[in-house]
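Trainee: sequence and predicted structure, then a few things I'm wondering about:
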Protein chains: 2
Amino acid sequence: MIISQAVEYSLRAMVMLTQSFEEPVTVQAMAARGQIPAAYLSKLLQGLTRARLVTAQRGVGGGYTLTRPPSQITLADVVNAVEPLQRIKKCPLGIAGHATLCPLHRKLDEAMATIEAAFQATTLDDLGKDTGGPVPLCSTEPIVAINLKMKLPAVNASRG
Amino acid sequence: MIISQAVEYSLRAMVMLTQSFEEPVTVQAMAARGQIPAAYLSKLLQGLTRARLVTAQRGVGGGYTLTRPPSQITLADVVNAVEPLQRIKKCPLGIAGHATLCPLHRKLDEAMATIEAAFQATTLDDLGKDTGGPVPLCSTEPIVAINLKMKLPAVNASRG
DNA sequence: GGAATAATGGACCTGTAATTCCTTTATTTC
DNA sequence: GAAATAAAGGAATTACAGGTCCATTATTCC
């Protein structure tokens, strides 16, 4: 895959936060809607918090919110916060004595440069509106319908 | 990373085979020169053999050879043989009821399409000559010099 | 045919990403 | 201040890519 599971999940979450820019969204809500393991998403969001892309608010009515308007957050911001896509700047074989990369690694780095550029050029806002197709995150159905598929957070359990 | 370690190693090996298109190259030789764990490379080459990109020849003077001229093998061929880069063709969230992808996944798929195109457009032959820079695989030094860094295949041991 | 060379392949180990579980801390509401 | 909500975070587990080891099979050379 071109991006890790962690990045994919993080992007889904960020898109959801974009859609609800005004009010905080809980991990549970995002996990359910984005089909992401809740505990794992929680970890990812902690990372995004440290990267200052989102802020957390505890307690009732709390959840996560974007720190900046979606138009000012790029895909690259998110990707780099989760796991920086590292360009090939020097020969992976560690051979000294030449300045530029060999053709193979130059090609690979070019590919990454292309991706990087595309990610830098795309803001969360772009994802929220740019099309005539389905709304972001594929959710044309009401959220309720999606939640039915989820294992609900234990109706009768003592979950904290 | 944009490509896995397995793909990176495989590409290195294929480039080395390109450089020695006439005569077979052994796993040991490629492992040493490409700084790849020999046993692991062996597995990778077995995969490339099954994918009909290389052929193996056992015994003295044996090794691996490309099945086709380097000009007829693309980066995409190699990548797909090792681990196919899978395009996003339907919504990863499995939500039915819409034909096209949501903006996020459309973007991600676009990125992959770009990579795919670049890989399809580049042959092994391209990597062997296209530049004025360092020769392929960063090796401007004589191979001997590189081998000195390697743990040699046991001068005094009973390795089979 | 025996010795050396080299790929084949199965089994196993290892490190890291992905995931779960549970306890703690902060915040709100009543 | 008690109860409920929600994030924070440590610890452990699982899954899989990456990597090792060793015995086997094929091939060449003498």
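Mentor: All right, it came through fine. Numbers count the residues shown, from 1 in each chain, chains lettered A, B, ... in the order given.
Trainee: residues in chain A within reach of DNA strand C, list them.
Mentor: Residues of chain A lying close to DNA strand C (C-beta under 7 Å from any atom of the strand) are A:4-6, A:9, A:37-40, A:42-43, A:57-62, A:160. Backbone N, C-alpha and C define where each C-beta goes, glycine included.
Trainee: go through the residues you listed and flag which are in helices.
Mentor: Judged by DSSP state H, these include A:5-6, A:9, A:38-40, A:42-43 as members of helices.
Trainee: tell me where chain A has strands.
Mentor: For chain A, applying DSSP state E gives strands covering A:54-57, A:63-66.
Trainee: touching DNA strand D at all, the last one?
Mentor: Yes. When contact is scored as C-beta under 7 Å from any atom of the strand, part of strand A:63-66 falls within range of DNA strand D: A:63-64.
Trainee: and the contacts of that strand?
Mentor: Strand A:63-66 has contacts (C-beta atoms under 8 Å, 6 or more residues apart in numbering or on different chains) with A:13-14, A:17-18, A:21, A:23-27, A:29-30, A:45, A:48-49, A:53-57, A:73, A:124.
Trainee: between the ones in helices among the residues of chain A next to DNA strand C, which is nearest B:Gln86?
Mentor: Checking those against B:Gln86 by C-beta to C-beta gives A:Gln5 as the nearest, at 13.6 Å.
Trainee: measure that closest one to A:Val25 for me?
Mentor: A:Gln5 sits 20 Å away from A:Val25, going by C-beta to C-beta, to the nearest Å.
Trainee: can you get me a residue count around A:Pro103?
Mentor: The burial count assigned to A:Pro103 is 23, neighbours taken as other C-beta atoms under 10 Å in any protein chain shown.
Trainee: ah, wrong one, I meant A:Leu11
Mentor: There are 23 residues near A:Leu11, going by other C-beta under 10 Å.
Trainee: re earlier: restrict the residues of chain A next to DNA strand C to those near DNA strand D?
Mentor: Counting by C-beta under 7 Å from any atom of the strand, A:39, A:42-43, A:57-62, A:160 from these sit close to DNA strand D.
Trainee: by contact count, what packs against the longest helix along chain A?
Mentor: Using DSSP H, we find that the single longest helix of chain A is helix A:103-121. If you count contacts as 3 or more C-beta pairs under 8 Å, 6 or more residues apart in numbering or on different chains; DSSP states H and E, helix A:103-121 packs onto helix A:75-82, helix B:5-19, helix B:103-121, helix B:124-129.
Trainee: beta partners for A:Gln57?
Mentor: Taking DSSP bridges as the rule, A:Gln57 bridges to A:Gly63.
Trainee: how far away is it from B:Leu101?
Mentor: Separation of A:Gln57 from B:Leu101 (C-beta to C-beta): 32 Å.
Trainee: comparing these two, which residue is more hemmed in?
Mentor: Taking other C-beta under 10 Å, A:Gln57 and B:Leu101 do not tie; B:Leu101 has more neighbours (21 against 13).
Trainee: and that one, how far from B:Lys90?
Mentor: From B:Leu101 across to B:Lys90, the span is 8 Å (C-beta to C-beta).
Trainee: same thing with A:Gly94?
Mentor: For A:Gly94, the distance to B:Lys90 equals 42 Å [C-beta to C-beta].
Trainee: can you redo the helices and strands packed on helix A:103-121 as a markdown table with mean pLDDT?
Mentor: Below are those laid out as a markdown table (pLDDT from 0 to 100):
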| stretch | mean pLDDT |
| --- | --- |
| helix A:75-82 | 97 |
| helix B:5-19 | 96 |
| helix B:103-121 | 94 |
| helix B:124-129 | 83 |
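Trainee: CSV for those helices, including distance to A:Leu66?
Mentor: Shown next, in CSV, are the helices and strands packed on helix A:103-121 (distance: least, C-beta to C-beta, whole Å):
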stretch, distance to A:Leu66
helix A:75-82, 11
helix B:5-19, 35
helix B:103-121, 15
helix B:124-129, 43
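Trainee: remind me which residues of chain A are low pLDDT?
Mentor: A:1, A:95-100, A:128-160 (pLDDT under 70).
Trainee: residue contacts, the closest residue in space to A:Ser71 that isn't next to it in sequence?
Mentor: Nearest residue to A:Ser71, sequence neighbours excluded (C-beta to C-beta, 6 or more residues apart in numbering or on different chains): A:Asp125, at 4.0 Å. Contact partners of A:Asp125, counting by C-beta under 8 Å, 6+ apart, are A:18, A:69-71.
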